[in-house]
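Engineer: model this:
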Amino acid sequence: MKLSNNTILITGGGSGIGLAFAEKFLELGNDVLICGRDQQKLDAAQARHPGLKTFRCDLTHPDDTAVMVEKIKSDFPALNMLINNAGIQYNYRFDDGADHATKIDHEINANFSSHLRLTDALLPLLTAKKVAAVVNISSALSIVPKESAPVYCATKAGVHIFSRALRYQLERSPVKVFEVVPALVDTAMTAGRGKGKMSPAALVAEAIKGIEHDKFYIRIGKTKLLFAIHRLFPFLAGKIIRKG
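Structural biologist: Residues are numbered from 1 along each chain as shown. A predicted model of the protein is given here:
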C-alpha cells in the first residue's frame, strides 16, 4: 500500500492514536480528514496542523454520520482510505447491582456498530479507486480479555472477526483490509491503567510499516509476545491480562 498521495479519513482523530496517525500521514504527503465528537480537540489539532480537514461528528448518531458521509462524497471524492479508530472503554462489573444498559449500548455502538455503518457507507467511494484501504484498530484484548471491561473486549473481538470477513468479501476488489492490534498505548483512555505503555507515535510508526508492506494483521509492540504465549500457553496469557 502506498503511503503518499492518499485521501484519508481517520475517526477519533482529534487526539491520541487517531491524531498520531493524522500527523504521520500529513508528513508523508496525504490529504487527511479527521472526525471526532469534541470540537475543541478538533480545533486544537487543526491549529497545530493547518492542513487537516475536520468534521465534528458523533459516530454513534447515524444522522451525524450521514451528514459527514455526504460532505465527503461531495467535497472529497478522492477518498481512498478509512481508518476506524474511534472508541471508548468503560470498566465495571456486571454483578455490581447497577443498570448498565446505557453503557452497554453506547460502548457497542461507539466501538463496533458505528464503524460497520461508516465502512458500509464509504465503500462505494473506496471500491471505485485503483488503490484503497480500510484500517481497523482492534486490541490484544480481542484475543485475551481482561476482567474489568467485558463489553470493550467483546467489541474488539467483533472488530477482529469483521476485519477478517470483510477482507474475504473484498479480496477481488481494490480495497485492502488491515487490522492493527495495539499494545497498551499512553492515551487519555488508558490514564491510570497499566504500566509500560507505548506512545501513540511509536504505535503509528510500527503500523505504518505494516501497511506499507501489505501486512494485513499488524501486531504492535508487546502483542507479538502475548500472542505467542497465548498460542502455546493460553492459560498463562489469560492470567497475565485478566487483571489488566
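Engineer: Against Phe233, how distant is the residue positioned nearest the centre of the chain?
Structural biologist: Geometric centre of the chain, nearest residue: Asn85, 2.2 Å, by C-alpha atoms, centre = their mean. Distance of Asn85 to Phe233, computed by C-beta to C-beta, to the nearest Å: 31 Å. C-betas here are computed from N, CA, C, even on glycine.
Engineer: same deal with Ala101?
Structural biologist: Distance check for Ala101 against Phe233: by C-beta to C-beta, it reads 37 Å.
Engineer: So for the two, which sits in the more crowded spot?
Structural biologist: With neighbours defined as other C-beta atoms under 10 Å, Ala101 and Phe233 compare such that Phe233 has more, 12 against 8.
Engineer: where does the more buried one sit relative to Lys224, distance-wise?
Structural biologist: Here the criterion is C-beta to C-beta. By it, Phe233 lies 15 Å from Lys224.
Engineer: give the contact list for the residue nearest to the centre of the chain.
Structural biologist: Shown in contact with Asn85 (C-beta atoms under 8 Å, 6 or more residues apart in numbering): 10-13, 17-18, 21, 137.
Engineer: same thing but 6 Å
Structural biologist: 10-12, 17-18, 137 (C-beta atoms under 6 Å, 6 or more residues apart in numbering).
Engineer: Pick out the one among these with the largest number of neighbours.
Structural biologist: Within those, most neighbours by other C-beta under 10 Å means Ile137, with 30 neighbours.
Engineer: Does that residue touch Val180 like I think?
Structural biologist: Yes - with contact defined as C-beta atoms under 6 Å, Ile137 counts as touching Val180 (5.1 Å).
Engineer: Go through the chain and flag its longest helix.
Structural biologist: The longest helix of the chain (DSSP state H) is helix 150-170.
Engineer: for it, packing partners?
Structural biologist: helix 101-108, strand 175-181 (3 or more C-beta pairs under 6 Å, 6 or more residues apart in numbering; DSSP states H and E).
Engineer: repeat that for 10 Å
Structural biologist: Using 3 or more C-beta pairs under 10 Å, 6 or more residues apart in numbering; DSSP states H and E, the elements in contact with helix 150-170 are strand 81-84, helix 101-108, helix 114-127, strand 132-137, strand 175-181, strand 217-219.
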